[in-house]
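> Test case, fold it:
(one chain, ligands or ions: 1)
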Amino acid sequence: MITPSDFFLSSSQQRLFALGLPVLMYHKVAQPPARTLDPFLYHSPERFASQLAELRQAGFTSGTLADVERANGNVSKKIVITFDDGCENVFRNALEILARHQFSAIQFLVSDFLGRRNEWDVAKGDVSERLMDASQIKEWLAAGHEIGSHTATHPNLRKVGPDQLREEISGSRKSLEDAFGISIRHFCYPFGSWNPAVRDAVEAAGYSTACTTQSGVNTQATPRFALHRITPLSGGEWLAKAAHRIRRKLSGG
Ligand SMILES: [Zn+2]
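As a prediction, the model looks like this:
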């Protein structure tokens, strides 16, 4: 049952969404597994659907990252939906929900890991998830959605040398363009980690935008290679997330 605190679009959120283009940052659409380190990176299909229904009811329609060029306040009430990592559960659970509510989305893929697993999370002790393979990505595109690059191997880009930096940023773009025959225009920094050298490499590689994990909406003043995103949680969910973090710390997790 949804209590008022579960509503995603609080009045303060609605005021924020009127100031610029909101880019929502989703990861997984599935019930969170018991052992996951961060259950708040999972939206159950019911929760995802209820958020899209709220957005629809409030008059928001689907935008793309290209709309950021024209983000003048948010008079046209656009919203951009992004997914990081390319998890198969998004393909399995979110496609029908997106279609039902007439939203499109962009999936940021890790180009060396198509059809494999999220080894970068597993290395930290998190749950293993299957990632979309090439044929699923083709279906995703055929359904009217977009893809972007989230590097080749999901490293922290501030910690790699110049050769690997080039491979992660330019190499992943070329590999996705070759595999799917479309232009890849949008990039997303793994772990939200970047610095001026990383940003310059993304721009030099020919991308149009790059998404961070910094919170906020986007205006014409927002740097194109440091776009802000909104974590789609209600006030109640933010409190639950903070409590979860404290419990993990206390138990030494
Ligand atoms: Zn990621």
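> Please count neighbours and contacts with C-alpha atoms only from this point.
OK.
> I'd like the distance between the closest residue to residue 203 other than its chain neighbours and the ion.
Excluding the flanking residues, the one nearest residue 203 by C-alpha to C-alpha, 6 or more residues apart in numbering is residue 225, at 7.2 Å. Separation of residue 225 from the ion (C-alpha to the ion, to the nearest Å) stands at 17 Å.
> Repeat that for residue 45.
Residue 45 is 20 Å from the ion, by C-alpha to the ion.
> cool, residue 99 as well?
From residue 99 to the ion the distance is 24 Å (C-alpha to the ion).
> What's the local residue count around that residue?
By other C-alpha atoms under 10 Å, 12 other residues sit near residue 99.
> Assign a three-state SS to it, would you?
Under DSSP: H, G, I helix; E, B strand; the rest coil, residue 99 falls in the helix class.
> Identify the residues contacting it.
For residue 99, no residue meets the contact criterion (C-alpha atoms under 8 Å, 6 or more residues apart in numbering).
> Quick check: pLDDT value at it.
Listed pLDDT for residue 99 reads 98.
> ok, now how distant is it from residue 144?
With the distance defined as C-alpha to C-alpha, to the nearest Å, residue 99 ends up 9 Å from residue 144.
> The residue nearest to residue 203 touches residue 198, doesn't it?
No: if you go by C-alpha atoms under 8 Å, residue 225 and residue 198 don't touch, sitting 9.9 Å apart.
> neighbour-wise, which of these two wins?
residue 225 (23 against 20).
> Give me the phi and psi for the residue in the stretch 101-250 of the chain that the ion sits nearest to.
Residue nearest to the ion within the stretch 101-250 of the chain: residue 190 (4.7 Å; C-alpha to the ion). The phi/psi pair for residue 190 (degrees, to the nearest 10) reads phi -60, psi 140.
> Is it in contact with residue 149, as I believe?
No: in this structure residue 190 lies outside contact range of residue 149 using C-alpha under 8 Å: 9.9 Å.
> In terms of neighbours, single out the busier of these two.
Ranked by neighbour count (other C-alpha under 10 Å), residue 190 and residue 149 place residue 149 first, with 32 against 22.
> which residues of this protein fall in helices?
Taking DSSP state H, the helices of the chain run over residues 11-17, 45-57, 88-93, 95-100, 119-122, 134-142, 162-166, 172-180, 196-204, 235-250.
> In JSON lines, list the ones you listed along with distance to residue 220.
Output for these, formatted as JSON lines (distance: least, C-alpha to C-alpha, whole Å):
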{"stretch": "helix 11-17", "distance to residue 220": "14"}
{"stretch": "helix 45-57", "distance to residue 220": "23"}
{"stretch": "helix 88-93", "distance to residue 220": "30"}
{"stretch": "helix 95-100", "distance to residue 220": "27"}
{"stretch": "helix 119-122", "distance to residue 220": "34"}
{"stretch": "helix 134-142", "distance to residue 220": "28"}
{"stretch": "helix 162-166", "distance to residue 220": "28"}
{"stretch": "helix 172-180", "distance to residue 220": "25"}
{"stretch": "helix 196-204", "distance to residue 220": "17"}
{"stretch": "helix 235-250", "distance to residue 220": "28"}
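> and residue 219, which of these is closest to it?
Residue 219 lies closest to helix 11-17 among those, at 10.8 Å (C-alpha to C-alpha).
> buried set for the worst-scoring helix or strand of the chain on mean pLDDT?
Lowest by mean pLDDT, DSSP states H and E among the helices and strands of the chain is helix 235-250, with a mean of 85. Residues of helix 235-250 classed as buried: 235, 237, 241 (neighbour count, 16 or more other C-alpha atoms under 10 Å).
> still on that earlier bit, for residue 158, see how far away the residue of the stretch 101-250 of the chain closest to the ion is.
10 Å.
> Extract the residue ranges of the stretch 1-150 of the chain that are flagged as low pLDDT.
1-5, 71 (pLDDT under 70).
> For it, which residues are neighbours of the ion?
residue 85 (C-alpha under 5 Å from the ion).
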